[in-house]
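Asker: I'd like to go over a predicted model; first the sequence, then the structure.
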Amino acid sequence: MEGLVQGIVVFVLAMLLGVELIKKVPALLHTPLTSGANAISGITIIGSMVVAGAGATQLARILGTIAVAFAMINIVGGYLVTDRMLEMFKKKDGE
Amino acid sequence: MEGLVQGIVVFVLAMLLGVELIKKVPALLHTPLTSGANAISGITIIGSMVVAGAGATQLARILGTIAVAFAMINIVGGYLVTDRMLEMFKKKDGE
Amino acid sequence: MLHSLTELAYLAAAIMFVTGLKWMSSPARARRGNMISSVGMLIAVLATLISQRLGYGNIIIGAVIGSGLGLWMARAVPMTSMPQMVGILNGFGGGASLLVAAAEWRRLIDPSIPFQTDTAVSIWASTLVGGVTFAGSAVAAGKLQEIISGKPVLFRGQHALNALLVAAALTLATLLTLRPEQPVLYVALVALSLVLGITLVIPIGGADMPVVICLLNSYSGIAAALTGFVIRNDGLIITGALVGASGLILTKIMCEAMNRSLANVLFGGFGATVQVASEREKALQARGVKRITVEDAAALLAYSRNVMVAPGYGLAVAQGQHQVQELATLLEKRGVSVKYAIHPVAGRMPGHMNVLLAEANVPYPLLLDMDAANPEFERCDVALVVGANDVVNPAARNNPSSPIYGMPILDVDKAKQIIVMKRSMNPGFAGIENELFYHERCSMLFGDAKKSLTALINEVRTLE
Amino acid sequence: MLHSLTELAYLAAAIMFVTGLKWMSSPARARRGNMISSVGMLIAVLATLISQRLGYGNIIIGAVIGSGLGLWMARAVPMTSMPQMVGILNGFGGGASLLVAAAEWRRLIDPSIPFQTDTAVSIWASTLVGGVTFAGSAVAAGKLQEIISGKPVLFRGQHALNALLVAAALTLATLLTLRPEQPVLYVALVALSLVLGITLVIPIGGADMPVVICLLNSYSGIAAALTGFVIRNDGLIITGALVGASGLILTKIMCEAMNRSLANVLFGGFGATVQVASEREKALQARGVKRITVEDAAALLAYSRNVMVAPGYGLAVAQGQHQVQELATLLEKRGVSVKYAIHPVAGRMPGHMNVLLAEANVPYPLLLDMDAANPEFERCDVALVVGANDVVNPAARNNPSSPIYGMPILDVDKAKQIIVMKRSMNPGFAGIENELFYHERCSMLFGDAKKSLTALINEVRTLE
Ligand SMILES: NC(=O)c1ccc[n+]([C@@H]2O[C@H](COP(=O)([O-])OP(=O)(O)OC[C@H]3O[C@@H](n4cnc5c(N)ncnc54)[C@H](OP(=O)(O)O)[C@@H]3O)[C@@H](O)[C@H]2O)c1
Ligand SMILES: NC(=O)c1ccc[n+]([C@@H]2O[C@H](COP(=O)([O-])OP(=O)(O)OC[C@H]3O[C@@H](n4cnc5c(N)ncnc54)[C@H](OP(=O)(O)O)[C@@H]3O)[C@@H](O)[C@H]2O)c1
């Protein structure tokens, strides 16, 4: 119960902070924002690694390995594609 | 140790959130912001009440009672004065 | 001690994610922010590897394969396919959640470990959200890539079916909490979540996929936060909340830019039917539209002073962004000022047009958002509509019975002249007639946008 | 269960404080936000009362007395004295912390309760921060009210003395952690913190008091958060962090608006000495300033089209805000457009001038901040400087040897005509000569601002 309330505190604060931050992103950058947030959601890699590396059964470890691969696609693909997009935004021609 | 880290998490998040929020306050309202934040710092009333109402010794309870009075001045004065100022800001003449 | 250090590392990672999102507010710093965010991810990964006794073999195999595929996809994808790409990536994220939940469920039913209800709840939630995200994102990407029809697939009793499936899934989840040791129940739940992902997304139109993707992404964030609750990991809670917030805000922005409720997007079957023309529209259609030749259009553009380009989904289909930029450069050399009016939901992703034009080296200060662009149309000699339709449809202002009524639009009809480039008189995503095309100051330049733009470029070159 | 509910109540209170700060970003919602914030405080108080077994008698006595005094003060204070008022309120907050810490210390040394080092640390920290805040705020308020001289009080060896006092305080705190049962040590610590509050603030000039107050307030926030750490109360941590953040940001804004480092504000003895005039300044002084009569000034204003008022501390001293507004209304009736250019550190508090003018019913859209105002001065027929000095001193732009060099200022010297209203040629807070007064397009209208404004009003009334 105690732990739950503290979790709620953290969640609510992070949510409020997230809303403030995202609202400030200009429409110009909404596509990289989407892909960037998507990359962050690859944080599931943590659980995937634990299962892949210390799963109770062979099946669990195999599932975990695939999960690591999936999460990695999400992370690597997400960050790179975001970077590719952001690189293109220039203030002046040819700058 | 555990509790400390969780405290730090909450503190850091609240700090980041606070910074985002305060930065958005226009210069127009910096005075009421100061007095409003000041009123919030009257949250020390909580500790004051505990000491006033359940202090170990007579002296502690007396100190606590004075503390409650002080914190109350801070709270009531702070919120009212902020309200008085904010009430004055009008978009149109006489509105 | 080690545990506290790991927690601090996760907190550091979360703060770096925050920084990444924060710096996304300025185009000048956004790229560095994204890098900081990725370093945060690295820290989270390293902290996990160091703090836990894990067999590295499987992890390395998975990571190498995943990184390789991710790298390849990120390099290969053309800018015009960004919406699909984000959809696919989102699907993989969902898939990872699903797989982890499945593996954890195996552990959950291990009799040697005490059973915990909250862990069970988190596992069913991750399974459902993960499965729906995986299958739903695949359908969404398929619709955007037009492998699957972009039209909403509607049939009688669809809502009832979906409601039934959701009820079944929840029942299964409850049953599993009571009898977790039944593998068949769990497999059924996985299957159900995948089916749900399909049946929930298939009735939604292709152009509404970005809403679906953002929403699913936001759910995966919330599922991650839920896992964070269960294993008491603040880093996970914060990260999940950030992702959740971003998806929700983007969803809200899109819905507001379309003046449609989220329920309408998800369950309305919007764009399913081409609306039958009203009396008034029939009269208009009978009158027909004005056409303009490439020569006349080129002359009009070349001898004007202010041109505003209003791009839409057709520009992405035609992949004509480089031609737009080339035309603009030519015009600018002749002293014409060219700017771009970007509607928030033009194209198939929020900000889609900005990315396309940035790829073609258009400096971003020329990309005006709707609020900045609309007051400028009055001073505009020519508004050049390139493959946009719904986002410039004046019915949103004038016709209370229109399905897009109330949607804020680009006021191209305030310009002195309007040229619309599209291939036919076919409607846009909303499936409705566009009175703009019949406007007295509007003329149509039919054809694929890229081809028309190339022709215009050549024509402008010949002038003088 | 009850404990969790109480925690949730504190969380709700913290969220309401967040809402209050968030809504402070728009003048239209700020007032409601402040009310929500105050309801949050009420919730926190009620949650404490309900969850703990407390004797109500003392609490009621304290609360009634405190509320009464607070109410009376908030009603009685004139708007011109807001800076002092905030200083005093801040001092009471610090006093409360100090008293609570003292009472807790009594409990700390109770042999029947196990001794905890972290509690001890929190108590010493609260004592120090509370004592310094209490005494320091009192000095600050005294300086602002000019009960104590606003000039920095400087003496030889001051920094050494302060360093010594801080070292002594920290030594005492360490000793007390080792031998908490020595009352004399604790009383000495309290005394020391009060002395420190005085000696740290007395060498700082009156106009820099807002920085001191914001900083002290921010420290009290951080002290509150520290207490939250010790008693593991997230509501307290969040609230403390919010207050801490607000104080730090405001301090940063002020320092940036003066282009001075925080160290310079706190230890620089800024404004202590009236600078000896340079050769150039002596030449200027020999040439003398141009004066303008009330009649000429009135005519100039009445027949211009754009007037910008640049108010400063002198307006607060003269309490002339209502007269400024009256004059502006008169001019507006004649078709003159009147706006106000507000420097971020004009007056004796950030935003001081806005509050004054709002009190006089000036609509806030006319109150331009520095960035909005500066480009307008060029188009301005008359810039009317009312009791401002440092914030309009061009030395900040031109003279690299000036102590205010680099401070962003109001560009009143770009206006076609400048009228400066002050009582004498005395310098402002920074103690430096102001070349603006010798500018060829500038003329002085000497006298108390309120009197001069009243005279101007009467004069403008007689025109036609
Ligand atoms: N962006 C988002 O995030 C988002 C989210 C949710 C919903 N939506 C919806 O998506 C729609 C976006 O509006 P929009 O104006 O950008 O697009 P639209 O209304 O779908 O219209 C696109 C137009 O482009 C034309 N076109 C297609 N291919 C072309 C080519 N190769 N060359 C030239 N023209 C071509 C089509 O006409 P022809 O077939 O005659 O060529 C069509 O009328 C809105 O309905 C919006 O509500 C967008
Ligand atoms: N606001 C803040 O938060 C803050 C924070 C830190 C520091 N400061 C400092 O405070 C100063 C503020 O600048 P400022 O331009 O507002 O004030 P200032 O530079 O202190 O000048 C005020 C002027 O008002 C005149 N004055 C005083 N009483 C008057 C009366 N009754 N009628 C007419 N004139 C009167 C004075 O000249 P006479 O004596 O000749 O009349 C004086 O030159 C800056 O140095 C700033 O750095 C402000």
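Answerer: Yep, that arrived. Ligands and ions are numbered 1, 2, ... in the order given.

Asker: so which residues on chain A come close to chain B?
Answerer: A:6, A:9, A:10, A:13, A:14, A:16, A:17, A:20, A:21 (C-beta under 8 Å from any C-beta of the partner chain). Yep, even glycine has a C-beta here, placed from its N, CA and C like the rest.

Asker: give me the distance between the fifth one and ligand 2.
Answerer: What that stands for is residue A:14. Here residue A:14 is placed at a distance of 33 Å from ligand 2 (C-beta to the nearest ligand atom, to the nearest Å).

Asker: also the third one?
Answerer: Separation of residue A:10 from ligand 2 (C-beta to the nearest ligand atom) stands at 35 Å.

Asker: name the nearest residue to residue A:28, ignoring sequence neighbours.
Answerer: Nearest residue to residue A:28, sequence neighbours excluded (C-beta to C-beta, 6 or more residues apart in numbering or on different chains): residue C:354, at 4.9 Å.

Asker: just to revisit the earlier point, ok, so of the residues of chain A next to chain B, who is nearest ligand 1?
Answerer: Nearest to ligand 1 out of the residues of chain A next to chain B is residue A:21 (C-beta to the nearest ligand atom; 20.1 Å).

Asker: what about residue C:116, neighbour count?
Answerer: By other C-beta atoms under 10 Å in any protein chain shown, 11 other residues sit near residue C:116.

Asker: ok, it - contacts?
Answerer: By C-beta atoms under 8 Å, 6 or more residues apart in numbering or on different chains, the contact set of residue C:116 is empty.

Asker: quickly note the distance from it to chain B.
Answerer: Residue C:116 is 19 Å from chain B, where distance means C-beta to the nearest C-beta, to the nearest Å.

Asker: quick one: pLDDT of that residue?
Answerer: We have a pLDDT of 74 for residue C:116.

Asker: only the C-alpha atoms, please, for the helix or strand containing residue C:396, written as CSV.
Answerer: Using DSSP states H and E, residue C:396 maps to helix C:395-398. Once non-C-alpha atoms are left out, helix C:395-398 reads as follows in CSV (Å, rounded to 0.1, in the frame of the first residue of the first chain):
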residue,chain,number,x,y,z
ALA,C,395,-17.1,23.4,-45.8
ALA,C,396,-15.4,23.2,-42.4
ARG,C,397,-16.3,26.8,-42.0
ASN,C,398,-19.5,27.1,-44.0
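
Asker: next structured bit after it?
Answerer: strand C:417-422.

Asker: what packs against that next one?
Answerer: helix C:294-302, strand C:382-386, strand C:442-446, helix C:449-462 (3 or more C-beta pairs under 8 Å, 6 or more residues apart in numbering or on different chains; DSSP states H and E).

Asker: other residues contacting the helix holding residue C:396?
Answerer: C:259, C:402, C:404, C:405, C:406, C:407, C:408, C:409, C:432, C:433, C:434, C:435.

Asker: what subset of these is buried?
Answerer: Buried members of the contacts of helix C:395-398, scored by 16 or more other C-beta atoms under 10 Å in any protein chain shown, are C:402, C:404, C:407, C:408, C:409, C:432, C:433, C:434, C:435.

Asker: of all those residues, which two lie farthest apart?
Answerer: Pairwise distances across the buried ones among the contacts of helix C:395-398 (C-beta to C-beta) peak at 19.6 Å, for the pair C:408 and C:433.
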